[in-house]
Structure formats: structure tokens, C-alpha cells
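Student: Generate coordinates for the sequence data below:
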Amino acid sequence: YQQTYEKVSQIPGILFNRFTGEWLFGLEVINELLTTFENQIVWNQPLAEIIEGYEPKEDDEALKKHLAFEANSLFNEFKIKPYPYQQAAAYFLAELGSGAVLDGVGLGKTVSIISTFHLLHKEGKANRCLVVTLSSVVPQWANEIHKFTHYQAIPAKGTNKARIKSMEAFKESEDHQFLIVNYEMLRSKEYSEIIKSIPFDMIALDEGHRIKSGINDFPISKVTPSKVAKSTYEYIDLIPHRFIATATPIQSKPEEAWSLFHFVDPNILGEWSNFRDYFCKIHDKFGITGHQNLQDLYGAIHPYFILRTRYMPDIQQQLPAVRHEPIVLEATNGQKKATERLKAIKEELADKKKSIIPTKMYEHEGRQVIGSEYETILDNVIQAYTLFLILIANSPQLLMHKESSPFSKKTLASLNLSENEIKGSPKYEYMKSF
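Tutor: Now for the predicted structure:
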């Protein structure tokens, strides 16, 4: 707060309303604001609307640059044009050369990274990009690249043989720009040798918080870098343009910030030993026990990242309205058979419950129980069958999950479904198409 206050108070031509706690700016100082807080300003309406009627001065370079984002034709060749805020992130990152996009979940950091490569490619600074992500989304990254652009991507997935074949194909190809791998592949000597033999100009770590444990503080605190972080650091000297994308960059510890931004650029926070001495409290026996000077940490890293959330007014104005579209799927024969059987059992139990006399004794699983207790037992069983019906609507296979109850597995066995009927799931098959 103190750093921001000092920067704001030094901008000429501003007024402070002590009754409302607001700073008042004239249009003529917007360029100064953009120059000072380029990646930190949240506009309540589009910038073009704010300055409507104001003619930028000759030296309003920052203002002209931001206004040019929307008018620029560099993204016209995309199949689907990025949102303005995604373009702004791409321009910011491309101008830095290395940086981090820390936008919130659902704002399309993938597109921002793809757009950053596009700008660097247009400038002749990048022809090949290595994307490192989670195993589960390797194919999705390739789909996004093909969906938004005309660039070509090869996802390294499948068996060991298939992954090596994909990487070798990318290495020999002049028509592909993106190779997508998972973090575990960087730890493999066999895979990493192939990757390092390819002249990449840009690397992007999706879900970059995977490298937040990157410090080597042995023997002071007996902390060593994770294998994932250590494997990514090997590319610092090999690939000039390095980017991180994550919605959860730093959870609680400043050393996590060092781990992430060391990958972006080792010069941002310097050597770990110097960082530790300034920002961490050290105990001879227990290592890092606390932190200090945190007000200076944000000042050191904020020029190198951009962060927006979907709740910011200017972002909300750009996002499309939420659309709800019901999808009707035909149940499998196995689902229909299981549903009909369980509904019939539920009806039988409901009828039996209605006939119970609270003070009368009933037999249940070889023992005598009073009617009021028997009602509770039947209620619980009916609720269990209701849950089973919901699970079956997704897939009967959920009834035999390793964490399922013995009663769940016994119920599934009583339905006499074939193996194919148990595994059938239209919902699952449909969702895989996403």
C-alpha cells in the first residue's frame, strides 16, 4: 500500500478527496497512470470510453499503445479472435520476453499464452514453443491451438514408444510450432534428451505452481528442490522466452515466489541465498521459521506478471453471457434395466414402511427390532437406493468403485448386469468430447 501511495502521490495534476478516500485524475494524466501501473489497473469501463473526446498528446505513448490493442490487426488471422483482455496479456508478456499470467480460473490463460507466441512469432523471435502441462490436458492444449489458430501442434501422449515417435516427428517437421508434453516427461532422461535437442525459442509452464518447491536450502533447512522444479530449471539457459500460467501462484510462502520467478528470469529475485537472508527468518537448527520485508517482495515481482479475475468490471464486460444448454442423452439398456429394478425395490420398501406399527416388533437381518427403529432402517435403505439411482444415471460402474460400500457392490451384483452394461455411460462419452 505504501509503495502504491508514494507512486500515486508523485503523479502531477491529481487531487485527493479526504471525505471519500478517492484520488481524482484528469484525462491528461491517464498516460502517466498507464506508464506507472501498466499491468495493475482495473478499469470500470473500457479505456476507449473513458477517454472519449480526449485527443492523446504526441508523447502519450503508453496510452496510444493500449488503445492500439483493440484496433490492431495482428490477431485477425486467428480462427477465433482472443478477447481484448487476452490480447492485452499477450502484448504485455511478449514485450517483457518472459513473464507470468496469473489470471483467475476460466479466463483463458491458454489463449493468452498462444497469443503471446503469436506476437513473438510475428516479430521473428519465436518459431517453436514447448508447452509443459498436466498429463490429463495435453490433448486439450493441442485442440485449443488448432481451434483458435492455424498453427500446428503435436501432443506427446500415449505409450512410451508413441511419445518418442511424436517428439521425433516434431523435431524433423518444419510445419509444427507447438510440442506439448507433461511435467513427468521432463524428469525422464530419455525424453529430456530429445526435448533438449530441439531448438525451442519459447517454453510455457501451464499450471506453473507445480514448480513452487524449487529452493535448494541444504544444509541450512534441509530443503531441496522438487524433481519437477529442478527439471524445468534445466531449460533456463536453453530457451530464451519463458512463461508461467497459473491461477494459484503463491499459497503462503515467499520462497514459492522465488521458485516461480527464478524460472521466469533468475535476475528478478537474484540468488536464493540473498533472497533468503532478506525475506526469511532463519534459525540455526530449524531453518526457515518466518518471513520479513514482505512489502518489498511485491514491488520486486509485480512488473513481471499480469493478474485479472472474472469479477473485475472491465473483464465482466468482455466475457459472454453464461449460456445454459440442456443436453438430452439416451440411457443404455443396462442403465434402464438397473433403474427400473431399483425403482421397483424403492416402491416395495415405501409400501412396507407405510404398514409399520411403531410399537410392534419386526425381524430384520436375523434380529428383532421395534417398529420405530425399523422405520429408520428402511428410510436409510431408501435413501441409499436414491443415491444409487443418481450414480447409475452417470454410470453403473460407480457402484463398484474401490471406495463404494459393501451394500453398494451387493446391490450391483443383484442387478445381473453384463460387464459392458456396467461400464456403459453416455454422459462420460459425451463429456470426453470436450
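
Student: who are the neighbours in contact with His176?
Tutor: By C-beta atoms under 8 Å, 6 or more residues apart in numbering, His176 lies in contact with 152-154, 169-170. All C-beta atoms are positioned from the backbone trio N, CA, C, and that covers glycine.

Student: how about CSV for the residues you listed, with secondary structure and pLDDT added?
Tutor: Converted to CSV, the contacts of His176 look like this (DSSP: H, G, I helix; E, B strand; the rest coil; pLDDT from 0 to 100):
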residue, secondary structure, pLDDT
Gln152, coil, 97
Ala153, strand, 97
Ile154, strand, 97
Ala169, helix, 96
Phe170, helix, 96
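
Student: ok, Trp258 - contacts?
Tutor: So, once contact is read as C-beta under 8 Å, 6+ apart, Trp258 ends up touching 214-215, 269, 272, 275.

Student: Name the nearest of those residues relative to Val228.
Tutor: Gly214 (8.6 Å; C-beta to C-beta).

Student: Tell me how many other residues crowd that closest one.
Tutor: 23 (other C-beta atoms under 10 Å).

Student: do Glu271 as well
Tutor: 12.

Student: now do Val138
Tutor: The burial count for Val138: 22, using other C-beta under 10 Å.

Student: Helix, strand or coil: sort out it for me.
Tutor: helix (DSSP: H, G, I helix; E, B strand; the rest coil).

Student: Check whether it really touches Gly158, as I assumed.
Tutor: No. If you go by C-beta atoms under 8 Å, Val138 and Gly158 don't touch, sitting 9.8 Å apart.

Student: if we can go back for a sec, could you flag which of the contacts of His176 are buried?
Tutor: 153-154, 170 (16 or more other C-beta atoms under 10 Å).

Student: Distance check, the nearest residue to Lys79 once chain neighbours are set aside against His118.
Tutor: In space, and not counting its chain neighbours, Lys79 is closest to Phe148: 5.8 Å by C-beta to C-beta, 6 or more residues apart in numbering. Distance check for Phe148 against His118: by C-beta to C-beta, to the nearest Å, it reads 9 Å.

Student: Give me the more crowded residue out of those two.
Tutor: Neighbour count, other C-beta under 10 Å: between Phe148 and His118, His118 has more, with 24 against 21.

Student: Report the contact partners of that one.
Tutor: 74-75, 78, 90, 149, 151.

Student: Reduced to three states, what does the residue nearest to Gln292 when sequence neighbours are not counted come out as?
Tutor: Nearest non-adjacent residue to Gln292, counting by C-beta to C-beta, 6+ apart: Lys281, 5.9 Å away. At Lys281, secondary structure determined by three-state DSSP is strand.

Student: what does the biggest helix by length in the chain rub up against?
Tutor: As assigned by DSSP state H, the longest helix anywhere in the chain is helix 371-394. For helix 371-394, the external contacting residues (C-beta under 8 Å, 6+ apart) are 331, 335, 338-339, 342-343, 345-346, 349-350, 352-353, 356-362, 364, 369, 398-399, 407-408, 411, 425, 427-428.
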